[in-house]
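S.K.: take this sequence and fold it.
(one chain, ligands or ions: 2)
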Amino acid sequence: MKITDITITPVAFHDPPLLNSVGVHEPWALRTVVEVHTDEGISGLGESYGDIGHLNRMRTAAPALVGLDVHSLNGMHSRIATALGGEAGSDRHGLTGALTVESTVDRVFSAFEVATWDIRGKALGRPVSDLLGGAVRSAVPYSAYLFYKWAGHPGSEPDEFGEALDPAGIVEQARMLVDRHGFGSIKLKGGVFPPEQEIEAVHALREAFPDHPLRLDPNAAWTPETSLKVADELDGVVEYLEDPAPGIDGMAAVAAGAPMPLATNMCVIAFEHIARSVEAGAVQVILSDHHYWGGLSRSKELAAICRTFGIGLSMHSNSHLGISLAAMTHLAATTPNLNYACDTHYPWNVSDDVITTPFTFVDGALSVPTAPGLGVELDRDALARLAENYRTCGVVQRDDTGYMQKHDPSYERKRPRW
Ligand code: GKR
Ligand code: MG
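M.R.: Numbers count the residues shown, from 1 in each chain. Ligands and ions are numbered 1, 2, ... in the order given. Below you'll find the predicted structure:
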């Protein structure tokens, strides 16, 4: 079965003002929807980042894939590498690590690769999870992903989620997400306020949710010394501390003294980072993410490496739509050593989804789709609406810092900040 054509549609959807260590989410989040078409009339879906540099790289790569057999993932990877010509992307928004030539190829490859799994599943009449080795869990647990946030975007009415700027607000937000979706684990995005305030929020969460595993992720906003103080205060309270300090060396310095495991989606984000991290003992949990680990097949390779070295596996998320969530769920369901509840931003963005039947969490988990392929269908009207948003919203590159500076000109991006 050969690829005949690829449609690439950048989209923009509403995003609340979620705060993080580099600023605040803009009113629009960007993604790209990919449709891969074949000579047998079967098409497959993929979803990826929407930032302009990445979008252009996807547009550069797509024509090189026409004529390729959908089973040829190795061929796809090497055609993309050639088409990109050795260019390395950049981490302009500052929440992942630096990209390399190889990891840039993996990012572009991922959305096309996922679409081929969708195609092959549809052709066989089997869900992607069957093709990935079979689900080891029928439902995939996700965590409540808490953010400090403003009540609404400046100049707009408060949104449905409300303000969360202190421990009480964070506990209230957690209650809303747990009541609505039944989440059994909680992650707080930190790096926004001085660590003492975030420690207080985590203790408030522990009091309100005595049995929920908790995590705190300041996106490398702390020095190793500060991280060690926080680790000490949160001993026995969090299941892991995520990216407290910048870099493999910084994380290794924290890991040497922290009582809990350290997790990352910032310092080990490509295969070439793993050896050094293992040598340094920098991280005990890697947050996988098929969008940058090179799709579903390479995420399985990551899982095998983690199993080999006794490294835990969790799953990372950015603002995303239902096509990504379907792929995440198939992958997580078929990865035996993914033992932590996965992250997802979906509850913040679900009202704007591009699939006909948006996902619903039951007891904090998603059932693995059983329809052929990814098991999701494009809602063409929604896609057209979100594509129109993209054309008119004026955002082409995520810029949390720039948006924050519009409202607070004195704001500076600093890493570490404390
Ligand atoms: O959406 O603001 C955000 C997050 O901070 C995201 O960009 C991170 O990549 O969720 C991510 C993380 O775990 O670091
Ligand atoms: Mg993180």
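S.K.: ok, which stretches of the stretch 51-200 of the chain are helices?
M.R.: Ranges of helices in the stretch 51-200 of the chain, per DSSP state H, counting those that start in this stretch, are 52-61, 73-84, 101-124, 128-131, 167-181, 195-208.
S.K.: any buried residues in the first one, and which?
M.R.: What that stands for is helix 52-61. Of the residues in helix 52-61, 53-55, 57-58, 61 count as buried by neighbour count, 16 or more other Cβ atoms under 10 Å. Bear in mind the C-beta positions are built from the backbone N, C-alpha and C, glycine included.
S.K.: quick check: the farthest pair among the residues you listed?
M.R.: 53 and 61 (12.8 Å; Cβ to Cβ).
S.K.: pick the most buried one from the helices of the stretch 51-200 of the chain.
M.R.: Of all these, helix 101-124 has the most neighbours on average by mean count of other Cβ atoms under 10 Å, namely a mean of 24.
S.K.: roughly how far apart are the nearest residue to residue 224 once chain neighbours are set aside and ligand 1?
M.R.: Leaving aside its sequence neighbours, residue 224 sits nearest to residue 253 (Cβ to Cβ, 6 or more residues apart in numbering; 4.0 Å). Residue 253 sits at a distance of 20 Å from ligand 1 (criterion: Cβ to the nearest ligand atom, to the nearest Å).
S.K.: my read: residue 253 touches residue 245, true?
M.R.: Yes: proximity of residue 253 to residue 245 meets the contact threshold set by Cβ atoms under 8 Å, at 7.0 Å.
S.K.: identify the contacts common to those two.
M.R.: residue 224 (Cβ atoms under 8 Å, 6 or more residues apart in numbering).
S.K.: of those two, which one has the most company?
M.R.: residue 245 (29 against 19; other Cβ atoms under 10 Å).
S.K.: the more buried one falls within a strand, correct?
M.R.: No: using DSSP: H, G, I helix; E, B strand; the rest coil, the assignment for residue 245 is coil, not a strand.
S.K.: got the contact list for it?
M.R.: Contacts of residue 245 (Cβ under 8 Å, 6+ apart): 220, 222-224, 226-227, 251, 253-254, 416.
S.K.: residues from the stretch 301-418 of the chain in reach of ligand 1?
M.R.: Residues of the stretch 301-418 of the chain lying near ligand 1 by Cβ under 6 Å from any ligand atom: 316-319, 345.
S.K.: show me just the buried residues among these.
M.R.: Buried, going by 16+ other Cβ under 10 Å: 316-319, 345, out of these.
S.K.: which pair in these spans the largest distance?
M.R.: Taking Cβ to Cβ as the measure, these span a maximum distance of 12.1 Å, between 316 and 319.
S.K.: what stretches of the stretch 51-200 of the chain score poorly on pLDDT?
M.R.: Along the stretch 51-200 of the chain, segments meeting pLDDT under 70 span 91, 96-97.
S.K.: just the closest residue of it to ligand 1, please.
M.R.: Across the stretch 51-200 of the chain, the shortest distance to ligand 1 (Cβ to the nearest ligand atom) belongs to residue 95, at 3.9 Å.
S.K.: how many other residues sit next to that residue?
M.R.: Counted with other Cβ under 10 Å, residue 95 comes out at 20.
S.K.: so who does it touch?
M.R.: Here residue 95 is in contact with 20-22, 219, 266, 318, 400 (Cβ under 8 Å, 6+ apart).
S.K.: can you flag which of these belong to helices?
M.R.: Counted as lying in helices by DSSP state H, out of the contacts of residue 95, are residue 400.
S.K.: nearest to residue 113, of the contacts of residue 95?
M.R.: residue 318 (17.9 Å).
S.K.: test my guess that residue 171 contacts residue 206.
M.R.: No: counting by Cβ under 8 Å, residue 206 is not a contact partner of residue 171; they are 10.1 Å apart.
S.K.: how about the residues of the stretch 151-300 of the chain by ligand 1?
M.R.: Contact residues, the stretch 151-300 of the chain versus ligand 1 (Cβ under 6 Å from any ligand atom): 189, 217, 219, 265.
S.K.: where does the last one land on pLDDT?
M.R.: So the one you mean is residue 265. Note on residue 265: pLDDT of 97.
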